[in-house]
Structure formats: C-alpha cells, structure tokens
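1. my questions concern the predicted model and sequence given below.
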Amino acid sequence: MFHFAGALVGHGGDVRGVVGVGADCIATASRDGTGRLWRREQEGWVQQASFEGHTRYVNAIDFGAVSAEHPLGLVATGSLDTTVLLHSVALGGAAVLQLNGHEKNVCSVRFCSGDRLLTASWDKTARLWDIRTGNCLAVFQGHTESLTCAIPVGPSANLFLTASGDKTVKLWDAEGKCLHTYTAGSHAVRALAMISESMFVSGWNDGVVRVWSLDGALLNSFQAHDSFIYSLSVGGDTLVTCGEDSLGRVWDLQGQPLQAISLPCSSVWTTTHCPNGDIVFGGDDAVARVFTRDASRAVSGAAAADYEAGVQAFAAARQAQQLGDLDKSKLKGREALGTPGTRDGQTIMVNHQGKVEAYEWKDAKFQWEFTGEVTNAVEDKADFTFDVELDGRSLKLTHNRKDNPYTSAQRFIDNNDLSQTFLQEIVDFITKNSDTPVLETGSAPIVENPDPFTGSHARSTNSASASQTAYASVAPPAAASSSQLFPNAVQVLFEGGQAAPMVNKLKEFNAAVGASHQLDAAQLAEVEACLPALIAKTALTVARQEAVFAALTKALSWPPEQLFPVLDVARLFVINSGVTARAIDIARAAAPTAASANPQDKAQAICQRLALRVIANVIGSPAARDCRLALLDALESVDSAQLAAPSLLGVATSVLNCTAAYYKDTSDDSASEGELKCLQIIYRMLLHADPQTDAECLFRTLVSLGTLVAGSEVLTAAALSLEGLPSKLSDLQGHQDARIRQCAVQILAKF
C-alpha cells in the first residue's frame, strides 16, 4: 500500500507535469509558467530551484542527460508558448538552450539515448532534437489531430511512439517514417508508457487502459477510470493512472486493481514513478503529492491527519456540487452499505435521517469508509452543454442563457489552454446552437484574458468549482436582516487572482517600457515573492510592504498599454494587513487614471477599470478618512454614461464602501460634503446603468442610496429634489431581480 509522503506546495497554477530526479528530488511543471525542483528535507519538501523563461503555461517536464558537461543533468520543459527550454540543474535551473520549431503548445518532452530529446505538440507533429546543438533531427508527421504524448521505445531502441486526438497511436523510426498505427475505439489517446521494450500501455479518453505489443496485438484492456485518463506511469511491478475523477489508481501489470488514492482536487493531471519507487500526482489545485510504500518516508501525526481531512472535505464538497436537485427521498439508507463496492475508490451517497452521507469503498479493508456529510447542495447545471471536438480533443462547452457568449467562450478557451484564435468561432457556435443573442457589451475582448491576464476565468485551486471571475467571490452587501437591506456597514472588496499571469505580464511590460521607468531585477523578484501572500491576504512584513510600495510607485508611471498589471497588483497591495498610509498613496496615484481615462481607448478602459477597483478597496477604510473627498472627486469626474459594466461595478462598489464608512463613522466632519458627492454619483449611475445587464451594479448603487437616506432627512430631501430619481425608482419596483425590487420599494417608502 502507498501512503501519503508529503506535498509540494508553492506553484500558482495547476501542476501539469512531474518527474523524479534522483532518490529524494522531484521536478514539477505548472500553469504558473514555471518548473520547480524540490528536495525532501527533514521538515518536508523544500523548493531547491525554479526553471523559468517561458511566457505561457508550462505543460511538460522531464529530467535526463547527465554528462560531464552537465554532471547533475538537465531538465526539459515544454510550454504553451511553443518552445522547449533545457535547464541546467547544476546552474540552479538556468536555461542553457531553447528549441524552436513547434507551432503550438508543446505538451510532451522526453529525453532519449544519444543526447536526444523527443517532443510532441498540438501542431500535430513530434520532433526529435540533438540537445548538444539544438538541431532538429526528425519531424514525425502523419497524425491528423493534435498530439498528446510521445515516448521513446526503451532506453536503446531507435523507435518512438506518439499518441493523438485522432484516436490513434503511431510507431516511428528515427528518420520519421511511420511503421505502424494502433487503433481501438472512438476516443482520443492521452497517455503512453512502456512496460518492456516490446510492450506498451496507453490511456484513452473513454477511461480505458489498453496494453499492446509493438507488432500491433491488443493484449489487454480494462476500465481504469470513469472518464478521461490524463496520465499513466509504469515502474517496477505497478502501473499508475490518474484522471478527472479525483483519483490516482495503482494496478499490477496484468490490470488487477491494487489501490485507489483519493486526492483533494478535481483534475489529477499527471503522475510518475520516482527512482526510489515512490509515486507522485499533480493536480488542478496547484499541488503535487508524493506517496510511498516505505514507512520511513510516509508522513504521520498532524501532517497525515491534515491530508485525510483535506481529502474528506473535498470529497464532501464535490458530492455536494454533484448532488444538485437530487431528491433525498430516493436515496437508499445505510442498508446500501451492506452491498460490497464494485471497485476500489467507488463512491456512493446514502440518506441517513434526512442527511446525505458520502462513502468510499476500500478494497484493502473490504468495507465502505465514511468521507463526509454532503451539505449545502445546490443545482449548478448549465442551460447548454455541448460536446466539442476542438484542437484534437473532446471537450465540454457550457453556456447559460443569461451569460454573454463572449464570456462563455473566453472561459472555455482559458480552462482548456486553447488558442485565442478560436474565440470568434466558439462565439458563433454558441449563438448558432443556443437561443442567446450577443449582447451589446459582448464585443471581442481586447486581450487574451478579459480581466486582463490576471485571474479572470482562471481555474480555481481551492474548491470543487471549475472556474471563477476575478470578482466572483465578492459577495453582495449583507442585509441588516431578511427584510432590511440598509443601512449597510459592510465593505465589499475586489480580491483574488493568480500570481503567475500577473508576474509574467509585469516582466513582459517591464522590458517594453523605457529604461528610466523599468523595475530592476530585485524589485521584480520582490513583487513576485510577495504576490502569493497578497492574494491570500497574508500579512507582509514592514520591509516587504515598503519594497512592494517602492516598486508599484515607480511602475505606476508606465503608459496605459503596460499599466494594467501594475494596477492589478496595486488592488491587492492596498488591502494587505489593512489599508496603511502607503496604500493611501497608491490609491491617490491611481485616482487620475480612474478620473481621466478615455473609456473609448481600449488600453485606457482596462486601466480605468482596475484603478476603480484600487479606489474601491481603499475608500471605505478608516485610514482613508482624510483622502476620501479627494477620491470622491476622482469618481465624480468619471463619465458613467461611457463606462462598460465592469467599470460601472467599480464605481458602484466604491460608493457602496464610502457610504458604509460614513454610516459607521459619525465623527467624520467631512461626512456631509462626502455624502452629497456620493448622492450625485449615485444619481448619475441610476440614470445610466442598464437595468437588464447591470443588475449587480444597480443593486450596490441602490444599497448606497438607501444607506444615505436611512438616517438623514436632509439627504432624503436632496434625493427627492433630483429630477427623475423618484420615477426611476418606481420603474425599478418591477425589476426581475428581487433584491432591486426590494431596494426600490424600501427607498420609496422613505420618501
């Protein structure tokens, strides 16, 4: 049995590749754009080096090529940026060679004998390289869809295998001649591994493992997972597989199940055997986890308990997400636990005294094991779910009628690492096959990530949910009671994001600005080191706050075309450890961008949106008391009639937080002037917000108005005097959003 032996924590995105590097070292590849080297130490797994240089996701990694020139070997990484980098372990991970030639994502890299490297790409080809010169020795062409994997046949054979979305595996010689094609079923092939020099194993999208002889005989097949198999590995006497079901599975080489290992993530992307016999899994929660059969390497005590608790909590959350509108009365009771499971890792739900419980079958114990109670189940079904064959893969595209087709399309692209060139094609598909019109705000995004490059529609790493927007976690203001929505005293902040895309854009744009405005290497490194803490809202030391502040202050002088990642980091900085004087300075520096940007200029519009979020995160803080009027002046200068919905939401949230602050702080001498400024901004917002597409903006604006008039006859009279405001509120009493209807009714009652 394999037991938990520690976690490799530090990546900022999905772990897409893992490889053993010696007895106690592991290398990982991640969507955060880096590879990393980890070593087992007394205190656990510690990062030893970082493999950098790619500009997009790193999806593949391998170790090899130990030589006199490279005594500690090389690490190869393949990326969505279409390049392959070779890194020297002895030089601390520095890149020593770049291989160019692929036209799309490099999804597989494997060292071969004779100082060669085999790579596979979504461009439908594999390539064989000489790693001494960087020359391409052969191109393997013949697949009709994207490749998913390529491996050498044994350590000395001059033969190679490739797998593809065209539902085939092909055998090649070193000159690029196809010797044999293996076919079975109607699903894409994702993973390959050699069992011996004459036999290999393949993992398919139908969840089936198929074992072949090189001469083309199908020797064995068995159902390993319920759906996609993402990766498999052979080591010693075991085969390990992983997929989309939160499980790693261990088999003997005849296909008999030995163990199912539950992991606290949805997609288990990758697995490998280490030289010491341990196995590793990498998942969509940005963590790689190690398992061992050696009791001396297994963790115990609190670390083991924390892992088990995490698995149980994730399993319960996933069951809750899947439960949807299931009728509890139709679930069997605990008597169902008297029937043995059909396979290790099988899960079932039972109804016990009105509560839904989740259980997992354990072959080793021959019993069902309780994994948690399924609570807070909600229905989370899309209006449309399409099976799409795109870029060599079978993918799920979901869309809801209420959503902008561009939003659904961009989310689909980001979650599946697709080329941005597919955007319009996907939008056209959605509009053709659903009854959803393209909204007026649905013009194609300016940049690859609508919010932009730094967290919007990114894969979540801390829940069972598949995706989130940058402000999806921003809860609506809490109601004072079930029937009273204001006065509101709650601050709503723009939080969250992904570190790697922010850092990548900062580095890219830093190189593009003039030398006098550039951050030096130490400043960039400090921002990169602090970003995970900023995102997690972990307190920075004073020294680190000062270092980040200095870097942001300098970078806020960048032109609009390069400014937006700086503002995105700034919105996180200003809420770290509470808003400090430094954060106020940052907000003051961002205010002119919010006030004077031209919303018709695409770059300026993005910067304005993010500058408004900086203001929203600061303006309600007690520390902002002395600059609140100045920030309101900036908001008053914004032409709300010209703003798109995301920027309107920034204005609405700023006013919401400002009115909440005035409500709580009755000793603020400037409150009367500030509240009147808020009222003028609210008035313009209510006149210009689209009742159909800007519901959240309207709701926050109405809560702000309700907070103002709830305790002041003067402000009530001032609001009544604004032309058209009572009529607008009367119209909103018929709004489809119950929150907006309730706000309008309660405010009019005050009038």
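-> Right, received. Where do you want to start? The shown structure was predicted, so the numbers you read here are calculated from the model rather than taken from an experiment.
2. count of residues packed around Y182?
-> Burial measure for Y182: 20 neighbouring residues, criterion other CB atoms under 10 Å. Where you see a C-beta, it was placed from the backbone N, CA and C, and this is true even at glycine.
3. name the helices or strands packed onto the one helix or strand it maps to?
-> Assigned by DSSP states H and E, Y182 belongs to strand 178-183. Contacts defined by 3 or more CB pairs under 8 Å, 6 or more residues apart in numbering; DSSP states H and E place strand 178-183 against strand 168-173.
4. relative to strand 178-183, how tilted is the strand it packs on?
-> Here strand 168-173 points in a direction 160 degrees away from that of strand 178-183 (axes from the mean of the first three to the mean of the last three CA atoms, to 10 degrees).
5. strand 168-173 packs against which elements?
-> The contact analysis (3+ CB pairs under 8 Å, 6+ apart) places strand 168-173 against strand 159-164, strand 178-183, strand 189-196.
6. got JSON lines for those, with distance to A7 and mean pLDDT too?
-> Output for these, formatted as JSON lines (distance: least, CB to CB, whole Å; pLDDT from 0 to 100):
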{"stretch": "strand 159-164", "distance to A7": "29", "mean pLDDT": "96"}
{"stretch": "strand 178-183", "distance to A7": "37", "mean pLDDT": "96"}
{"stretch": "strand 189-196", "distance to A7": "23", "mean pLDDT": "94"}
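7. could you dump the ones you listed to a markdown table with distance to I229?
-> A markdown table is the format used below for the helices and strands packed on strand 168-173 (distance: least, CB to CB, whole Å):
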| stretch | distance to I229 |
| --- | --- |
| strand 159-164 | 11 |
| strand 178-183 | 16 |
| strand 189-196 | 6 |
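8. can you say which of those strands is packed in most?
-> Most buried of those by mean neighbour count (mean count of other CB atoms under 10 Å) is strand 159-164; its value is a mean of 24.
9. sheet-wise, list the partners of that strand with their directions.
-> Within its sheet, strand 159-164 is paired with strand 147-152 (antiparallel), strand 168-173 (antiparallel), according to DSSP bridges.
10. in the last one, what's buried?
-> Right, strand 168-173. The neighbour-count check on strand 168-173 (16 or more other CB atoms under 10 Å) flags T168, V169, K170, L171, W172 as buried.
11. pull the residues that contact it.
-> Contacts to strand 168-173, defined as CB atoms under 8 Å, 6 or more residues apart in numbering, come from residues 126, 140, 142-143, 153, 158-164, 178-183, 189, 192, 202, 212, 214.
12. what's the mean pLDDT across it?
-> Mean pLDDT, strand 168-173: 96.
13. in PDB, could you pull the C-alpha coordinates for it?
-> Taking C-alpha atoms only, strand 168-173 is exported to PDB below (Å, rounded to 0.1, in the frame of the first residue of the first chain):
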ATOM      1  CA  THR A 168      -4.500   6.500 -32.900                       C
ATOM      2  CA  VAL A 169      -1.100   5.600 -31.600                       C
ATOM      3  CA  LYS A 170       1.800   5.500 -34.100                       C
ATOM      4  CA  LEU A 171       5.200   3.800 -34.100                       C
ATOM      5  CA  TRP A 172       8.100   5.600 -35.900                       C
ATOM      6  CA  ASP A 173      11.700   5.100 -36.700                       C
END
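14. and that strand with strand 189-196, angle?
-> If you take the same axes, to 10 degrees, strand 168-173 sits at 50 degrees to strand 189-196.
15. so which of the strands paired with strand 159-164 is nearest V234?
-> Closest approach to V234 among the strands paired with strand 159-164 is made by strand 147-152 (10.6 Å; CB to CB).
16. pull the distance from that closest one to the chain's centre.
-> Strand 147-152 has its C-alpha centroid displaced from the chain centroid by 26 Å (CA atoms, centre = their mean, to the nearest Å).
17. okay, it in PDB with CA atoms only?
-> Extracted in PDB, the C-alpha atoms of strand 147-152 (Å, rounded to 0.1, in the frame of the first residue of the first chain):
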ATOM      1  CA  LEU A 147      -0.600  15.100 -30.300                       C
ATOM      2  CA  THR A 148      -0.900  14.500 -26.600                       C
ATOM      3  CA  CYS A 149       2.100  12.400 -25.800                       C
ATOM      4  CA  ALA A 150       5.400  11.000 -27.300                       C
ATOM      5  CA  ILE A 151       7.800   8.500 -25.700                       C
ATOM      6  CA  PRO A 152      10.900   6.600 -26.800                       C
END
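18. lowest average confidence, helix or strand, in this protein?
-> strand 467-468 (a mean of 26; mean pLDDT, DSSP states H and E).
19. what is the three-state secondary structure of V492?
-> coil (DSSP: H, G, I helix; E, B strand; the rest coil).
20. quick one, phi/psi of it?
-> Dihedral pair for V492: phi -110, psi 120, per degrees, to the nearest 10.
21. surely it is in contact with C658?
-> No - applying CB atoms under 8 Å, one finds V492 not in contact with C658, separated by 11.4 Å.
22. compare those two (neighbour count), which wins?
-> Neighbours were counted for V492 and for C658 using other CB under 10 Å; C658 has more, 29 against 23.
23. which SSE is the more buried one in?
-> Using DSSP H and E, C658 sits within helix 645-664.
24. give me the mean pLDDT for that helix.
-> Across helix 645-664, the average pLDDT comes to 92.
25. kindly export it (C-alpha atoms) in CSV.
-> In CSV, the C-alpha atoms belonging to helix 645-664 read as follows (Å, rounded to 0.1, in the frame of the first residue of the first chain):
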residue,chain,number,x,y,z
ALA,A,645,-20.4,47.1,-17.0
PRO,A,646,-17.1,46.1,-15.2
SER,A,647,-16.0,49.7,-14.7
LEU,A,648,-19.5,50.7,-13.6
LEU,A,649,-19.2,48.0,-11.0
GLY,A,650,-16.0,49.6,-9.7
VAL,A,651,-17.7,52.9,-9.3
ALA,A,652,-20.8,51.4,-7.6
THR,A,653,-18.6,49.4,-5.2
SER,A,654,-16.5,52.5,-4.3
VAL,A,655,-19.6,54.4,-3.4
LEU,A,656,-21.0,51.4,-1.5
ASN,A,657,-17.9,51.3,0.6
CYS,A,658,-17.8,55.0,1.1
THR,A,659,-21.4,55.3,2.3
ALA,A,660,-20.8,52.4,4.6
ALA,A,661,-17.8,54.2,6.1
TYR,A,662,-19.8,57.4,6.6
TYR,A,663,-22.6,55.4,8.2
LYS,A,664,-20.2,53.8,10.7
